[in-house]
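> got a predicted structure here, sequence first:
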Amino acid sequence: MKTTITTSTSPIVKGTVYSILFAISFGHLLNDLMQSVIPAVYPMLKQQFNLTFTQIGLITLVFQLSASILQPFVGNYTDRKPNPRSLAIGMGFTLIGLLLLSIADHFAYILSSVALIGIGSSVFHPEASRVAQLASGGKKGLAQSIFQVGGNAGSAIGPLLAALIIIPHGQGYIRWFAAFAIVGIILLTFVGSWYKENLAERKRRPVQTTQAVYAPGLTKGRVLTSISILLVLIFSKYFYMASMSSYFTFYLMDKFKIGIQESQFYLFGFLAAVAVGTILGGPLGDKYGRKVIIWVSILGAAPFTLLLPHVGLALTVALAMVIGVIISSAFSAILVYATDLVPGKVGTIAGLFFGFAFGMGGVGSALLGYLADHTSINYVFQICAYLPLIGVVTGFLPNVKSK
């Protein structure tokens, strides 16, 4: 496609406020660290409660759906009525969910606990994305990457801490992770104060122009088609990520006969690579264009995903880390690209894409768990290897650039 559209924004905050970006990124780290405890304890819960892979998938489905369904509505509401307190409120839901998960003694209680943790995520993400863009000073790709890398770092650290703290000592030790939620509530209260001051500044500023509903030069139909293509790419990415985050440990344990703790360390390696890829994706998108990064990130992972099910342990771990770096660079580029398509709707777009990502991760985990029960975990990874090939649809996107 040759269409090139340029969007222009006038940031309220002049200059990039790195202190706020790193603070909201650290809040994202704490949020996703606590969420990552859920898949990290799957092997322990499976043994303790004699769960099937289908039930493991249902836990992920409940968590991800509660983390996804509310997000577009929260984002749309905060676009109209921003609420600086919502950041700390979201962390409060996560705190309650973790405490309940540490004492859950029945499958239904486990589902209720993870649902509360998911609701916390629904409340946190849309408004946190808005804060990141507000503090970006116009460097939206960089700001989104800094915000995202906190979440990915938390997702990587969580399983490592779970392997060291929860797996050796049991389910009750999940409650110690609630301390991270308390730290997060305190931190995000201060971030919320900065956010409130800048919202007040926005109200004081005179309105000079009416912001475009869609990117200049694009019709409503073209924008909706582009959003649909981006959601297809999110489907591809997060279905594959579901196979890795929920079942990579089981795959390693089944194929290579290693223990739970060792498999968690290898999962940490993959998730750490995801964090590296995330921090690279935003700045590279600012420099070379979002569409190029989306191309490389989704389709570029395909050769490595296709090879992974057919190699030994060392190469499996190495390929997983390469895949993590490549495939994770897409989300920041996709999200900023989408906000360029629909200027002024950061909360709505962030809620839609974070929500859809979590939803696809949950549905993917449930379906893949069912497939693993009826075939094998190795077969699941052979099928998922083809998902990045969906990245070819990137060619139908217009070349949207911010200035």
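Yes, it's here. Numbering: from 1, shown residues only.
> next structured bit after the longest helix seen in the chain?
Counting residues, the longest helix found in the chain (DSSP state H) is helix 220-256. Next helix or strand after helix 220-256 toward the C-terminus (DSSP states H and E): helix 260-288.
> buried residues in that following helix?
Applying a neighbour-count criterion of 16 or more other C-beta atoms under 10 Å, one finds 260, 263-264, 266-286 buried in helix 260-288. Using the backbone N, CA and C atoms, a C-beta is placed for each residue, glycine as well.
> now the longest helix of the chain against helix 260-288, angle please.
150 degrees (axes from the mean of the first three to the mean of the last three C-alpha atoms, to 10 degrees).
> next, the buried residues of helix 220-256.
So helix 220-256, judged by 16+ other C-beta under 10 Å, has buried residues 222-223, 226-227, 229-253, 255.
> what do you get for stretch 378-391?
380-381, 384-385, 387-388, 390-391.
> out of these, which is nearest to A301?
Set against A301, the nearest of those by C-beta to C-beta is P388 (4.4 Å).
> would you agree that closest one is in contact with L308?
No - the pair P388 / L308 is not scored as a contact, 11.2 Å apart, by C-beta atoms under 8 Å.
> so what's S376 up against?
Contact analysis of S376 by C-beta atoms under 8 Å, 6 or more residues apart in numbering lists D254.
> look up phi and psi at it.
Dihedral angles of S376 (phi, psi; degrees, to the nearest 10) stand at phi -160, psi 160.
> quick one: it from R290, how far?
Going from S376 to R290 by C-beta to C-beta, to the nearest Å gives 38 Å.
> then A179?
Noted for A179: a distance of 38 Å to R290, by C-beta to C-beta.
> compare those two (neighbour count), which wins?
R290 (29 against 13; other C-beta atoms under 10 Å).
> looks like the more buried one contacts L335 (just checking).
No - when contacts are counted by C-beta under 8 Å, R290 is not listed as touching L335 (9.2 Å).
> quick one on the thing from earlier: out of the buried residues of stretch 378-391, which is nearest to L160?
F381 (22.3 Å).
> who touches stretch 138-151?
9, 11, 16, 21-22, 24-29, 31-32, 128-129, 132-133, 135-137, 275, 278-286, 290, 331-333, 335-336, 339, 402.
> now do the buried residues in that stretch.
So stretch 138-151, judged by 16+ other C-beta under 10 Å, has buried residues 138-151.
> distance from it to the middle of the chain?
Stretch 138-151 sits 12 Å away from the centroid of its parent chain (C-alpha atoms, centre = their mean, to the nearest Å).
> using CSV, write down the CA coordinates of that stretch.
What follows is stretch 138-151, C-alpha atoms only, in CSV (Å, rounded to 0.1, in the frame of the first residue of the first chain):
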residue,chain,number,x,y,z
GLY,A,138,5.5,13.8,21.6
LYS,A,139,7.8,10.7,21.7
LYS,A,140,4.8,8.4,21.8
GLY,A,141,6.7,5.2,20.6
LEU,A,142,9.4,5.7,23.2
ALA,A,143,6.9,6.4,25.9
GLN,A,144,4.8,3.4,25.1
SER,A,145,7.9,1.2,25.0
ILE,A,146,9.1,2.4,28.4
PHE,A,147,5.6,1.7,29.8
GLN,A,148,5.4,-1.7,28.1
VAL,A,149,8.8,-2.8,29.1
GLY,A,150,7.9,-2.4,32.7
GLY,A,151,5.0,-4.9,32.2
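> all strands for the stretch 251-400 of the chain, in order.
399-402 (DSSP state E, counting those that start in this stretch).
> please apply the same query to the stretch 1-150 of the chain.
Counting by DSSP E, counting those that start in this stretch, the stretch 1-150 of the chain has strands at residues 4-7.
> just the helices in it please.
Ranges of helices in the stretch 1-150 of the chain, per DSSP state H, counting those that start in this stretch, are 18-35, 37-40, 42-49, 53-68, 70-80, 86-103, 107-134, 140-161.
> save these as CSV, and put in distance to A318 and mean pLDDT too.
Listed next are these as CSV, based on distance: least, C-beta to C-beta, whole Å; pLDDT from 0 to 100:
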stretch, distance to A318, mean pLDDT
helix 18-35, 24, 91
helix 37-40, 22, 86
helix 42-49, 23, 88
helix 53-68, 26, 85
helix 70-80, 34, 77
helix 86-103, 33, 92
helix 107-134, 31, 88
helix 140-161, 16, 81
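> what would those look like in a markdown table with distance to G395?
Shown next, in a markdown table, are the helices of the stretch 1-150 of the chain (distance: least, C-beta to C-beta, whole Å):
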| stretch | distance to G395 |
| --- | --- |
| helix 18-35 | 32 |
| helix 37-40 | 33 |
| helix 42-49 | 37 |
| helix 53-68 | 27 |
| helix 70-80 | 27 |
| helix 86-103 | 37 |
| helix 107-134 | 27 |
| helix 140-161 | 21 |
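> of all these, which one is nearest I294?
helix 140-161 (12.0 Å).
> follow-up on the earlier one: quick one: closest of the helices of the stretch 1-150 of the chain to L352.
Per C-beta to C-beta, nearest to L352 of the helices of the stretch 1-150 of the chain: helix 70-80, 4.7 Å.
> which elements pack onto that closest one?
helix 107-134, helix 346-374 (3 or more C-beta pairs under 8 Å, 6 or more residues apart in numbering; DSSP states H and E).
> this completes my enquiry, with thanks.
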